[in-house]
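>>> show me the folded form of this:
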Amino acid sequence: MTRVLAAAAVLDNPVWSSLTGAHSGFAVVNGQAARYDHDVAPFHALADPADPRAWADLTELVEPGTAVTIAGAGTVAHPGWQVDRSVAGVQLVDVALRPAPAPDAIRLGAADVPEILDLIDRTRPGPFLRRTVELGSYLGLRSPDGRLIAMAGERLHPAGWTEISAVCTDPAHRRKGLATYLVRAVAAGIRQRGETPFLHTSAGNVHAIRLYESIGFLLRRRTDFTAYRRT
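Next up, the predicted model:
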């Protein structure tokens, strides 16, 4: 556990690490500011949120009136920006998860996006756009009649780590362990690459936090997901 946590400093700014590393092909970068392509993910990042120069670079990256979402930058308004809203979040890292493949899970791709977006809309696990599925491996489970009823996949990819995201289950199929089943399966793929899983959730989602802790995740830090608008 100590070794895992010691290697986790990159998770203090995981979006920046992803955009300037594994996800650079999805990135638009201006100096010390970066963002994902608009149809991939809604996240922006700064090399150092405390550096006014990074905020100046971000100002050049977006149009006036545009809202951007930054993780872990706090809720202080910076020159040229106003805070629209903020959600308290937590970050958890895998320290004792037991990964296991899911033979009956299907690999989701571009053809599945309409069904994915429908499930996301009904369950609200977090933002998911038309091309988010390109960020990593997404697994799904279908009911006997072919409907997509549960999914989980990979989103942020800072060096040495992969975020498990979009964990959701159709309300009619909850309490069957499907979310845990898919989290373990996604984690198995991450571990095979020699990387470590981590994830984020809302600080108010006590049920999810308890579930993740019960299967081997450890709360690493509290963070925020704040929307700023360029004035």
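>>> so where's the protein uncertain?
Low-confidence segments of the chain, defined by pLDDT under 70: 1-7.
>>> all helices for it, in order.
2-6, 14-19, 52-61, 113-123, 178-192, 206-214 (DSSP state H).
>>> and those as TSV, adding mean neighbour count and distance to Pro171?
All C-beta atoms are positioned from the backbone trio N, CA, C, and that covers glycine. Formatted as TSV, the helices of the chain follow (neighbours: other Cβ atoms under 10 Å; distance: least, Cβ to Cβ, whole Å):
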stretch	mean neighbour count	distance to Pro171
helix 2-6	10	34
helix 14-19	26	30
helix 52-61	17	38
helix 113-123	16	7
helix 178-192	21	12
helix 206-214	14	14
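>>> redo those helices as TSV? Include distance to Ser137.
Shown next, in TSV, are those (distance: least, Cβ to Cβ, whole Å):
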stretch	distance to Ser137
helix 2-6	21
helix 14-19	15
helix 52-61	29
helix 113-123	13
helix 178-192	5
helix 206-214	19
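>>> among the ones you listed, which comes closest to Val29?
helix 14-19 (6.9 Å; Cβ to Cβ).
>>> who's in contact with that closest one?
Around helix 14-19, the neighbours that count as contacts under Cβ atoms under 8 Å, 6 or more residues apart in numbering are 10, 26-27, 29, 34-36, 43-47, 70-71, 156-159, 161, 163, 198.
>>> please repeat the previous calculation with a cut-off of 7 Å.
Contacts to helix 14-19, defined as Cβ atoms under 7 Å, 6 or more residues apart in numbering, come from residues 10, 27, 29, 34, 36, 43, 45-47, 71, 156-159, 163.
>>> which of these has the largest number of neighbours?
Ranked by the number of neighbours (other Cβ atoms under 10 Å), the contacts of helix 14-19 place Ala45 first, at 29 neighbours.
>>> and that one, bridged to which residues?
Ala34 (DSSP bridges).
>>> contacts only, for it.
Taking Cβ under 7 Å, 6+ apart, one finds 13, 15-16, 19, 34, 70 in contact with Ala45.
>>> so which of the helices of the chain gets nearest Arg220?
Per Cβ to Cβ, nearest to Arg220 of the helices of the chain: helix 2-6, 7.0 Å.
>>> who's in contact with the residue nearest to Leu139 when sequence neighbours are not counted?
In this structure, Leu139 finds its nearest non-sequential neighbour in Ala105, 4.2 Å apart by Cβ to Cβ, 6 or more residues apart in numbering. Contact analysis of Ala105 by Cβ under 7 Å, 6+ apart lists 139-141, 182, 185.
>>> how about the contacts of Ala45, which pair is most distant?
Leu19 and Ile70 (11.7 Å).
>>> if we can go back for a sec, for the helices of the chain, which one sits closest to Gly89?
Short answer: helix 206-214, nearest of the helices of the chain by Cβ to Cβ, at 10.4 Å.
>>> could you give the angle of the closest one to helix 178-192?
Counting by axes from the mean of the first three to the mean of the last three Cα atoms, to 10 degrees, helix 206-214 lies at 40 degrees to helix 178-192.
>>> mind giving me the packing neighbours of helix 206-214?
strand 196-202 (3 or more Cβ pairs under 7 Å, 6 or more residues apart in numbering; DSSP states H and E).
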